[in-house]
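Visitor: Just to be clear, the model below is a prediction. Sequence and coordinates:
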Amino acid sequence: MKVVIIGGVAGGASAAARLRRLDEEAQIVMIERGGYISYANCGLPYYIGGEITEKENLTLQTPQSFRRRFGVEVRIHSEVTSLDTHAKLITVRNTLDGSSYHESYDTLLLSPGAKPVIPPIPGVDNPRVFTLRTIPDTLRIRSYIDEHAPKKAVVIGGGYIGVEMAENLTKAGLEVTVVEASDHIIGPLDYDMACEAQRYLRSQGVRLLTGQTVTAFDDSETGLSISLSNGQRLFADMALLSVGVRPETELAQNAGIRCNAKGSIVVDKRMRTSARDVYAVGDAVEVTHVVTGQKAFLPLAGPANKQGRIAADNICGLTSRYTGSQGSSILKLFDLTVASTGINERAAIDAGIDYDKVFTFSPSHATYYPGAANLTIKTLFESSTGKILGAQVVGFDGVDKRCDVLATAIRAGMTAYDLTELELCYAPPYSSAKDPVNMTGYMIENLLTGKVRQFHWHDIPSLPRDGSVTLLDVRTPEEYARGHIDGFCNIPLDELRRRIDELDPTKTVYVHCQSGLRSYIACRMLMQKGYFCYNFAGSYRLYESVLENGAYDATPAHPCGVQV
């Protein structure tokens with residue numbers, strides 16, 4: 001059996017290694033257009049920032065090491081220019097000398113990956129405008145910084161690569177501005193969770209401009225002039241374009257292999273394409289989202305590796321299946337960590353899912369042990385069942401652990417009731433006896449069983465200020481004096497029992513505190529005294545973060561918000 005693999009990195013390289021482990025006699029040929037077959041794609045920004053000091057550390061396997069260990073023939077600097085699926089023949093061009101030849105196959109695996117989106121912006125081909133996707137891209141950026149000592153950089157796009165580059169360019173000594181077209185950075189996050197990351201990013205000296213697009217790049221006397229959609233001009237020494245990627249599937253499309261409207265290759269659960277004996281994996285393929293069941297484009301290294309393994313299994317006669325992706329991802333932003341899994345609110349609304357959401361602020365470990373810091377966790381769940389749909393976590397320690405547990409819960413179809421029963425590792429340096437994941441389960445359980453009702457930050461503007469309802473802040477007078485929500489009166493929680501007669505029992509009470517715990521206790525007290533009470537989800541901590549980042553119309557109110 002002769003298997004030809006087009007493209008290396010995550011999907012292609014993992015498939016080649018798995019093929020060899022399953023079939024020692026197979027002829028395996030890997031063809032790669034660039035000069036690297038397996039490299040740390042996700043580590044590229046950290047070489048630019050100096051966290052990774054040796055460029056050799058970015059290369060996981062060389063053609064020589066891959067051949068020695070796995071007996072795979074690797075041909076670099078070789079571009080496949082055409083594919084005949086009927087004749088089982090490809091045409092390969094040597095990118096160094098321009099020569100071409102034909103290569104036959106019994107089975108073909110496509111792993112072409114994705115490439116950066118380059119918008120048709122005037123001046124986008126300026127040599128001081130860079131993209132980052134490959135090792136050569138990284139080396140060009142690092143070389144430019146070393147040779148020209150730029151002082152200012154503009155990053156266009158606030159996605160994962162964009163904010164990682166903002167951090168690493170800052171660490172390289174540059175003054176950095178991030179320009180993002182949407183109302184917030186880090187697309188998998190909802191606006192309210194992104195606000196915390198944005199506040200922190202600005203605290204690190206990075207300038208952030210949201211709701212703006214770049215309309216032109218021009219040379220100027222002081223360097224690179226960057227025009228924005230609001231008429232503003234930025235001046236920098238270099239720019240990084242990071243507005244997303246798209247599947248690189250022209251070869252497949254030209255060969256008549258079925259692709260969807262966005263260009264992703266359509267595959268079945270065994271990673272087979274519409275062409276006989278042709279498989280496809282990685283960033284170039286369409287996947288099914290685990291939560292929504294809808295088709296999606298989720299270019300991530302973990303799924304690509306799994307798909308490579310599954311394709312290899314099926315090529316060798318096994319029956320492995322790829323059951324879908326859920327978009328689990330994590331980001332280091334200076335000392336802050338941001339992680340997400342499953343779906344966010346936009347995806348839930350688009351999929352027509354009846355959902356609700358909770359916010360929890362829990363310490364990363366026991367507060368009496370030094371170094372504890374709060375984790376902000378937003379969890380989406382199915383309103384009728386409590387099934388976990390998605391989670392977003394922002395914090396400084398223990399973010400990855402909690403998001404991974406919630407990712408596992410989503411994959412297993414677990415509910416909030418299941419979260420309350422999880423027995424997770426506990427010792428004071430690592431967690432609390434009631435882990436933040438348990439606390440998320442408890443909070444959702446309280447909602448599902450009617451022990452508490454909640455309202456959200458986007459409900460605040462529509463709450464009546466005419467005295468028809470009671471707006472109550474149960475923080476301390478000192479906290480209230482430092483900042484409060486317009487219209488909310490202050491009765492500290494510890495005084496509420498003896499001052500409860502100051503509240504009209506015929507009026508609905510909307511109550512908040514700093515993080516949600518004291519206001520929950522207040523609601524339980526009031527509800528047992530006959531009051532109709534709503535607790536502010538996320539409370540003043542979330543409100544302050546959202547208010548600092550803009551306006552309340554940034555995210556449309558969702559039906560899970562209280563009707564007032």
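Guide: That came through fine.
Visitor: CA only for contacts and neighbour counts going forward, please
Guide: Noted.
Visitor: Bridged to the closest residue in space to D277 that isn't next to it in sequence, which residues?
Guide: Leaving aside its sequence neighbours, D277 sits nearest to T107 (Cα to Cα, 6 or more residues apart in numbering; 5.0 Å). T107 forms beta bridges with V3, as assigned by DSSP bridges.
Visitor: So for the strand or helix carrying E147, what gets flagged as buried?
Guide: E147 belongs to helix 135-148 when elements are defined using DSSP states H and E. Within helix 135-148, the residues that qualify as buried are I135, T138, L139, I141, R142, I145, counting by 16 or more other Cα atoms under 10 Å.
Visitor: Would you mind putting the CA coordinates of the next helix-or-strand element following it into CSV?
Guide: Reading on from helix 135-148 to the C-terminus, the next helix or strand found by DSSP H and E is strand 152-156. Output in CSV follows, covering the C-alpha atoms of strand 152-156 (Å, rounded to 0.1, in the frame of the first residue of the first chain):
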residue,chain,number,x,y,z
LYS,A,152,5.8,51.0,17.6
ALA,A,153,3.6,48.2,16.2
VAL,A,154,0.0,47.9,15.3
VAL,A,155,-1.7,44.5,15.5
ILE,A,156,-4.8,44.2,13.3
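Visitor: Point out the least confident member of the buried residues of helix 135-148, please.
Guide: Lowest in pLDDT among the buried residues of helix 135-148 is I135, which has 86.
Visitor: and the gap between that one and S362?
Guide: Going from I135 to S362 by Cα to Cα, to the nearest Å gives 39 Å.
Visitor: Please apply the same query to N57.
Guide: 37 Å.
Visitor: ok, now C425?
Guide: For C425, the distance to S362 (Cα to Cα) stands at 16 Å.
Visitor: So those two - more neighbours on which side?
Guide: S362 (24 against 10; other Cα atoms under 10 Å).
Visitor: give the contact list for that one.
Guide: The contact partners of S362, taken as Cα atoms under 8 Å, 6 or more residues apart in numbering, are N374, L375, T376, P436, M439.
Visitor: ok, now with 10 Å
Guide: By Cα atoms under 10 Å, 6 or more residues apart in numbering, the contact set of S362 is 372-377, 395, 431-432, 434-437, 439-440, 515.
Visitor: neighbouring contacts of stretch 196-204?
Guide: Outside stretch 196-204, the residues that touch it by Cα under 10 Å, 6+ apart are 163, 166-167, 170, 177-178, 184-186, 189, 191, 194-195, 206-208, 333-338, 376, 394-395, 541-542, 544-546, 548-549.
Visitor: Only the buried residues of it, if you could.
Guide: So for stretch 196-204, counting by 16+ other Cα under 10 Å, buried means E196, A197, Q198, R199, Y200, L201.
Visitor: In a strand, the fourth one, correct?
Guide: Right, the one you point to is R199. No - using DSSP: H, G, I helix; E, B strand; the rest coil, the assignment for R199 is helix, not a strand.
Visitor: Roughly how far does it sit from R67?
Guide: 48 Å.
Visitor: do the same with the third one
Guide: Distance check for Q198 against R67: by Cα to Cα, it reads 46 Å.
Visitor: got it, and the first one?
Guide: From E196 across to R67, the span is 47 Å (Cα to Cα).
Visitor: do the same with the fifth one
Guide: Relative to R67, Y200 is positioned 46 Å away (Cα to Cα).
Visitor: where does the stretch 151-300 of the chain have low pLDDT?
Guide: Low-confidence segments of the stretch 151-300 of the chain, defined by pLDDT under 70: none present.
Visitor: now the strands for it?
Guide: For the stretch 151-300 of the chain, the strands defined by DSSP state E, counting those that start in this stretch cover 152-156, 175-180, 207-210, 214-220, 223-228, 233-236, 238-241, 245-247, 278-280, 287-288, 295-296.
Visitor: Let me see the contact set for L422.
Guide: V405, A409, K434, D435, V437, N438, G441.
Visitor: I'd like to know how many residues surround A261.
Guide: Close neighbours of A261, defined as other Cα under 10 Å, add up to 7.
Visitor: before we move on, what about the one 10 residues further on?
Guide: Other residues near M271 number 28, with proximity taken as other Cα under 10 Å.
Visitor: quick one: the residue of the chain most remote from its centre from Y480, how far?
Guide: The outermost residue of the chain, judged against the average C-alpha position, is D501 (48.0 Å), by Cα atoms, centre = their mean. Distance, D501 to Y480, by Cα to Cα: 21 Å.
Visitor: How about T337: which residues does it bridge to?
Guide: T337 has the following beta-bridge partners by DSSP bridges: K332, G395.
Visitor: Pretty sure it sits against F396.
Guide: Yes - under the criterion of Cα atoms under 10 Å, T337 makes contact with F396 at 5.6 Å.
Visitor: For the two, list the residues in contact with both.
Guide: Taking Cα under 10 Å, 6+ apart as the contact rule, T337 and F396 both touch L375.
Visitor: Mind telling me what element N438 is part of?
Guide: Element membership for N438 (DSSP H and E) is helix 436-448.
Visitor: Which strands or helices does that helix pack on?
Guide: Packing partners of helix 436-448 (3 or more Cα pairs under 10 Å, 6 or more residues apart in numbering; DSSP states H and E): strand 355-363, strand 374-382, helix 399-411, helix 416-421.
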